[in-house]
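> The sequence isn't on hand, but the structure is:
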């Protein structure tokens, strides 16, 4: 895969949150490399509350990492 | 998305808990950007005990981050 | 919501555990604000082993936070 | 509830693991206070692989806390 | 139960990973002490992708603990 | 099993993420040692959104460990 993660540092907490989202997506993309298949799965899980909550949880775990890497933007 | 997260600092633990809730919701909102669809999903999952427990778990993970960012409001 | 969380400090580990339970419940209460609906859900999930284990997990995550806030009551 | 958790300190890692199990059980017991109902649920979930794995996960989360409280028994 | 966990220290990260696996299994074994029943459950969950992913997650949580105990083998 | 994990150190965050993926897979491989069976499970779970999200979660947990081991590549 191309370079996509040079640093965990972000300018703001919000950009850190968005990096956490990217990390959650990459975890899926490495496991299912076909963009076509991922695209087909999207409409279904994006309308399933439990799938959305689970996705939010993965983001939360990555956000812990990104926040620690940025010393919580103190 | 507009600016919505300038800092992880909050005045009190309770406001930190409420920020954790906001973070959990944002994780869903970034994944399902349609407010309409999220609104339709809400009545169902808000009456499902397991969905509520899972939501509470995402909040708990974010609360860890917010609490650490605030040095546990010591 | 009224003030309910002034501090993460507790006198003993057990009181910290009980605070973790309160935090887990509040995560549910913020998401489903109707006490009536929560009350109706209770008999069902309280007799479901998996729901109980999931609840125990949310408590465990919050207990990590509370324990850290109290420097593990060392 | 009676006093059951005076300290997170244990003599050995193994005793810490056993405390983590106790904490996981207490999370269930506070949520479902009836020992009768918990007893009835036990035979079923104790023969369900996913329930056992989920239980093991709650133990793992508590063991993180107990291990940190004991400075990893270094 | 006999002594099985004297220390969280391991010589290498790989041995730490293997200890994490042992800890995940012990969490199951304490909850379902019958080796016979655990043996019967194994063929089924070992062929279920979600059960395997959940098991991998418990290992991941324990590996965090073991890695911290070993100062990440720095 | 052969040596496969000599160190948690990686040159870049991206290589750390890829190590986290490897760790998640190893957690599965130790539990289900048959490469044949794992191969048979793959097509199914790789097309199941919830399985992919769960996998992404295990990666996220391991990435926390790897990131901490690398002092967040600061």
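Good, I have the coordinates. Keep in mind the model is a prediction, meaning the values are calculated, not measured. Numbers count the residues shown, from 1 in each chain, chains lettered A, B, ... in the order given.

> Count the residues that sit near the nearest residue to residue A:47 once chain neighbours are set aside.
Nearest residue to residue A:47 in three dimensions, chain neighbours excluded: residue B:37, at 6.1 Å (Cβ to Cβ, 6 or more residues apart in numbering or on different chains). Heads up, the C-betas are built off the backbone N, CA and C, glycines and all. When neighbours are counted by other Cβ atoms under 10 Å in any protein chain shown, residue B:37 registers 13.

> starting at the chain centroid, how far to the helix ranked longest in chain A?
When chain A is parsed with DSSP state H, its longest helix is helix A:49-69. For helix A:49-69, the separation from the chain centroid amounts to 7 Å (computed by Cα atoms, centre = their mean, to the nearest Å).

> Now do the helix or strand encompassing the residue nearest to residue A:47: which elements does it pack against?
Using DSSP states H and E, residue B:37 falls within helix B:35-45. If contacts are counted by 3 or more Cβ pairs under 8 Å, 6 or more residues apart in numbering or on different chains; DSSP states H and E, helix B:35-45 sits against helix A:49-69, helix B:13-31, helix B:49-69.

> Look through every helix and strand of chain A and give the one with the lowest mean pLDDT.
helix A:35-45 (a mean of 95; mean pLDDT, DSSP states H and E).

> possible to save the helices and strands packed on helix B:35-45 as CSV with distance to residue E:19 and mean pLDDT?
As requested, these are arranged in CSV below (distance: least, Cβ to Cβ, whole Å; pLDDT from 0 to 100):
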stretch, distance to residue E:19, mean pLDDT
helix A:49-69, 22, 98
helix B:13-31, 32, 98
helix B:49-69, 24, 98
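
> now for those, which one comes closest to chain C?
Nearest of the helices and strands packed on helix B:35-45 to chain C, taken as Cβ to the nearest Cβ: helix B:49-69 at 3.1 Å.

> who does that closest one touch, helix- and strand-wise?
Helix B:49-69 sits against helix A:49-69, helix B:13-31, helix B:35-45, helix C:13-31, helix C:35-45, helix C:49-69, with contacts defined as 3+ Cβ pairs under 8 Å, 6+ apart.

> got the angle between that helix and helix C:13-31?
Orientation note: helix B:49-69 sits at an angle of 120 degrees relative to helix C:13-31 (axes from the mean of the first three to the mean of the last three Cα atoms, to 10 degrees).

> For helix B:49-69, buried residues please.
Neighbour-count burial for helix B:49-69, counted by 16 or more other Cβ atoms under 10 Å in any protein chain shown, picks out B:49-69.

> got the phi/psi numbers for residue A:7?
phi -160, psi 150 (degrees, to the nearest 10).
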